[in-house]
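> sharing a sequence plus its predicted fold:
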Amino acid sequence: MGFLDTILGRTKPVAPNLDALFALPSAAVTLQAAMDLQPTGSGSACFRAAEGRAFSDIEKDVKELLEMGSGTLPVEVSSDSYGFTWLVCHHTRDDVEGLVTDLHAVNSSLEQGGFGPQLLCTLVGFRSPAGGRLGLVYLYKRGTFYPFAPLAGERRDSALEMQVRGALGDDLKVEPDLGRWFPVWGAPGL
Amino acid sequence: MARTRYATDRGLIARMGVTMFLLGIVFVAFVLALFFVLTYNRRAGSGSSTGLIVIAALIGVGTAFASYYWSDKIALRASGARLVSPGDSAAAARLHGTVDRLCALADMPKPRVAIAPTQMPNAFATGRSSKVAVLCATQGLMDRLDPDELEGVLAHEMSHVAHKDVAVMTVASFLGIVAALLVRFAFYSELFGGGGRGRNNNNNQGALPVILVVMVVGMVVYAISFLLIRLLSRYRELSADRSGALLTGKPSALASALQKVTGDMARIPTRDLRAAEPLNAFYFAPAFSKGRGQVTLSSLFSTHPSLERRLAELAKVSQQLSR
C-alpha cells in the first residue's frame, strides 16, 4: 500500500494471481517421481461468498459450467465453519490437468464477475504410500503454493511438508514465509 | 481485469484529506504564533518562555513516540489481555483460524492474537506496524457474536492495521499534546514564577503578557486540534468499516455485530466501563452509550461515529456489492 493510501485510509482489495495455477500438473509429476505422492484426483477452490444477488448468480453459473464440463462426476458445494465456500471437483487420478482447468474456471468466472478479491485458496489433494494426506494449497493473493499435511487431532505433519517443499524445488513458487502456511483443517477435497 | 466492485468512497477520502489539511494549517499557525511571541519576548529581554516551549515540544515528542512505539504493550497491559496460540483453547483456535483466513484474503502478514478476559464485547488492534501488530478480542465478544459477525469485527480491526491508524493518529495527536503541555507549563510558571518577576519588575516588563499569550495560543490550538483529531478518528473508523466489509464481502454481518455490541454495551455495569475508557480510541465501539441521531456536543467529541451513521454507510457497501 502506498503512502497516500495509508494517509487516506484506502485499501485496495488485492487482485488474485490466476496463472501460476497451471504449474500444478508438472509439480504433480515431480511429487510422484520424487516422493511417490499420488494425486487423489480431487481438488477444491475456496472463496468468501459475498452477500447479495450478484454473487449468488455467479456462484450458480460456475456450478452449472463445471457440471457440464466434467460430465459424470458431480461438483460438490460445501461451506466450512468459518463461512467460506468450497467447490469440490473430482477427476480421475491421472487427470491433474483437467482438474486444474476446472478449478481455473471457478477463478476466472469469479474474477470476470468482479469478485476476484473474494478468492481465498485452491487445494489439490495427494496421498502418500503410507496413507497420509497432503494438500497443495495455492494462495491466490500471493501467487504461491504451500503444502499442508494434516494428522489426526489438528496436528500437522511438518516433516512431510518440509520434504515436499524440498522436492518441489523450482517447479512451483513455494511460499517463503512459513507464517503464511495457514492450516485448512477439514478442507473438502483433501 | 474485469470491472471492480470495490470502488473507494471518494467523499470520505476527500473529507479525511480536508481534515488533515486543516490540522496541518493549525500546526503551521501554532508554530508561527509561538515564533512571533518568542521574538517579541526576546526584545522584551526575557528567555524564560523559550525554554518553556522547547521543553513542552521535547516532552510532546517523547510522549508521542512512546505511545507510538509501545502502543501494543500499553494496550495489552491496560486491557489485561494475553497473547494466545491456536493450541490454547477452542476459542483461541477459532480466533486464529479466522485471522488466518482474513490475512490470506487481504495478503497481510498475520498479527499476534490476544484475548482479553472481560465480558464487555469489544475488540481492538494496535501496534506501530503490521509486523508487530496485536489483534485483541474480548471473551465477551467471542461469546456473543456468531462466526460471521466476529469475522466482520476482526476484518474492521485488520483494516485499522492496514491503514496504519496508530501511526496516523499519533502524528495527528502530537500537536494537541504539545499545546496542552504548553498551557499547563505556562499556568504553573505563572503560579510559581510570579515572585521572581515581581523583584525584577523594571527590566522585565514584557514577561507577564508573553506567558499569558503562550497560554491562550496553546488553549486555542488545543481546542481546535482536539475537534479535528476526533473528526479524523471518526473518519478512520468509517473507512475501516468500509474496508472490513469489502474484505469479508458481508457488510450486513458487520452491521449486525455493531448493533449487538453497542446494544449490549449499555447494559454493562459502570465499573467495567470506567476501567475501559482510556482505551476507547483503539476500540471497535466506544464503551459508553450516547444520544442517537442528532448532532450533539458529545457526537462532536466522540472517537467513533454514531451507530446510525455506521449502519447507513454499511448499507451503501451492501448495495454496491449486490449491483
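Noted; the coordinates are in hand. Numbering: from 1, shown residues only, chains lettered A, B, ... in the order given.

> next one: phi and psi at A:F145?
Taking degrees, to the nearest 10, you get phi -110, psi 160 for the backbone angles of A:F145.

> wait, what's in contact with the closest residue to chain B within chain A?
Going by Cβ to the nearest Cβ, chain B is nearest to A:G52 of chain A, at 2.5 Å. The way it works is simple: take the backbone N, C-alpha and C, and place the C-beta from them, glycine included. If you count contacts by Cβ atoms under 8 Å, 6 or more residues apart in numbering or on different chains, A:G52 has them with B:S318, B:L321, B:S322, B:R323.

> 7 Å - rerun?
B:S318, B:L321, B:S322 (Cβ atoms under 7 Å, 6 or more residues apart in numbering or on different chains).

> any idea which helix or strand carries A:L134?
strand A:133-139 (DSSP states H and E).

> tell me the strands beside that strand, with direction?
strand A:119-127 (antiparallel), strand A:144-148 (antiparallel) (DSSP bridges).

> mind putting those in JSON lines, mean neighbour count, distance to B:A92 and mean pLDDT included?
Formatted as JSON lines, these follow (neighbours: other Cβ atoms under 10 Å in any protein chain shown; distance: least, Cβ to Cβ, whole Å; pLDDT from 0 to 100):
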{"stretch": "strand A:119-127", "mean neighbour count": "24", "distance to B:A92": "21", "mean pLDDT": "92"}
{"stretch": "strand A:144-148", "mean neighbour count": "24", "distance to B:A92": "20", "mean pLDDT": "93"}
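
> and these as CSV, adding distance to B:M120?
CSV is the format used below for the strands paired with strand A:133-139 (distance: least, Cβ to Cβ, whole Å):
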stretch, distance to B:M120
strand A:119-127, 31
strand A:144-148, 36
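
> closest point of chain B to chain A, which residue?
For chain B, Cβ to the nearest Cβ, closest residue to chain A: B:S322, 2.5 Å.

> which residues does that residue contact?
Neighbouring residues of B:S322 by Cβ under 7 Å, 6+ apart: A:E51, A:G52, A:R53, A:A54.

> once you drop chain neighbours, what's closest to residue 63?
No chain was given, so I picked chain A. A:V75 (5.7 Å; Cβ to Cβ, 6 or more residues apart in numbering or on different chains).

> should've been chain B
Counting by Cβ to Cβ, 6+ apart, B:T63 lies nearest to B:I177, which is 5.6 Å off, once chain neighbours are set aside.

> count of neighbours near that neighbour?
21 (other Cβ atoms under 10 Å in any protein chain shown).

> is it true that it touches B:L58?
No - in this structure, B:I177 is not within contact of B:L58 by Cβ atoms under 7 Å, at 11.4 Å.

> which residues does the strand holding A:L134 contact?
Under Cβ under 7 Å, 6+ apart, the answer for strand A:133-139 is A:21, A:24, A:37, A:121-128, A:145-150, A:160, A:164, A:175, A:180, A:184, A:187, A:190, B:104.

> tell me the buried residues in the helix or strand that contains A:S42?
Here A:S42, judged by DSSP H and E, is contained in strand A:38-47. Within strand A:38-47, the residues that qualify as buried are A:Q38, A:P39, A:T40, A:G41, A:S42, A:G43, A:S44, A:A45, A:C46, A:F47, counting by 16 or more other Cβ atoms under 10 Å in any protein chain shown.

> wait, doesn't the second one sit right on A:V96?
To tie it back to what came earlier, the one meant is A:P39. Yes - A:P39 is in contact with A:V96 according to Cβ under 7 Å; the separation is 5.3 Å.
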